[in-house]
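Visitor: sequence first, predicted coordinates after that:
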Amino acid sequence: MTPAFLAVSAVATLAACAPTIGVEVAPDAADPKCAEVMLALPDVLGGDLQKIQTTSQATAAWGEPGAAVTLRCGVTPPGPSTDCQRVESAGGTVDWIVATDGEGTWHFTTYGREPAVEVVAPPAVTVDHSTAFVADLAQAVSHVEQTQHCG
């Protein structure tokens, strides 16, 4: 066997062992704007959450199985809400509808952008990380034009 074949085999083997997160595809994941968002996503969130593989189009995840922030592009845009918050960062300004369920999972959905982007952070992540990591997504999310702002 040649050294080049062995190197390719080793890379393929390591890739097969990489963790993968199952993330449900959003209804409008095929929107071309989602492709732009996906290509601009950071490799790291919150300083130490590394990007990992996902199973569906227009999705991303950072962390590890069981403790990962997930992102889906192409979700249904939300209507106006009193839970709308403007997050400003060096990457831009993004309005998010912010909600939490009774079990401590945080949901962030872009407001005023179509297609919308949804980010979910389970308690396994937020126990050690602030949800301020959504600011790290501003540059990518800004590839979808904002047509409405928090009220």
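Guide: Good, I have the coordinates. Residues are numbered from 1 along each chain as shown.
Visitor: need the helices for this protein, in chain order.
Guide: Shown for the chain, the helices assigned by DSSP state H span residues 3-17, 32-40, 123-126, 138-141.
Visitor: quick one, phi psi at residue 24?
Guide: Main-chain torsions, residue 24, degrees, to the nearest 10: phi -70, psi 130.
Visitor: burial count for it?
Guide: 11 (other C-beta atoms under 10 Å). Backbone N, C-alpha and C define where each C-beta goes, glycine included.
Visitor: wouldn't it be in contact with residue 71 here?
Guide: No. Using C-beta atoms under 8 Å, residue 24 is not in contact with residue 71, being 11.8 Å away.
Visitor: residues shared between the contacts of these two?
Guide: residue 59 (C-beta atoms under 8 Å, 6 or more residues apart in numbering).
Visitor: where does this structure dip in pLDDT?
Guide: Across the chain, the ranges flagged by pLDDT under 70 are 1-17.
Visitor: show me where the chain has strands.
Guide: 20-21, 44-45, 49-54, 59-64, 67-75, 84-89, 92-100, 106-110, 116-121 (DSSP state E).
Visitor: out of these, the one nearest residue 34 is which?
Guide: Taking C-beta to C-beta, strand 67-75 is the member of these nearest to residue 34, at 3.7 Å.
Visitor: what packs against the closest one?
Guide: If contacts are counted by 3 or more C-beta pairs under 8 Å, 6 or more residues apart in numbering; DSSP states H and E, strand 67-75 sits against helix 32-40, strand 49-54, strand 59-64, strand 116-121, helix 123-126.
Visitor: report the distance from it to the chain centre.
Guide: From the chain centre to the centre of strand 67-75 is a distance of 4 Å (C-alpha atoms, centre = their mean, to the nearest Å).
Visitor: how far off strand 49-54 does it point, in degrees?
Guide: 60 degrees (axes from the mean of the first three to the mean of the last three C-alpha atoms, to 10 degrees).
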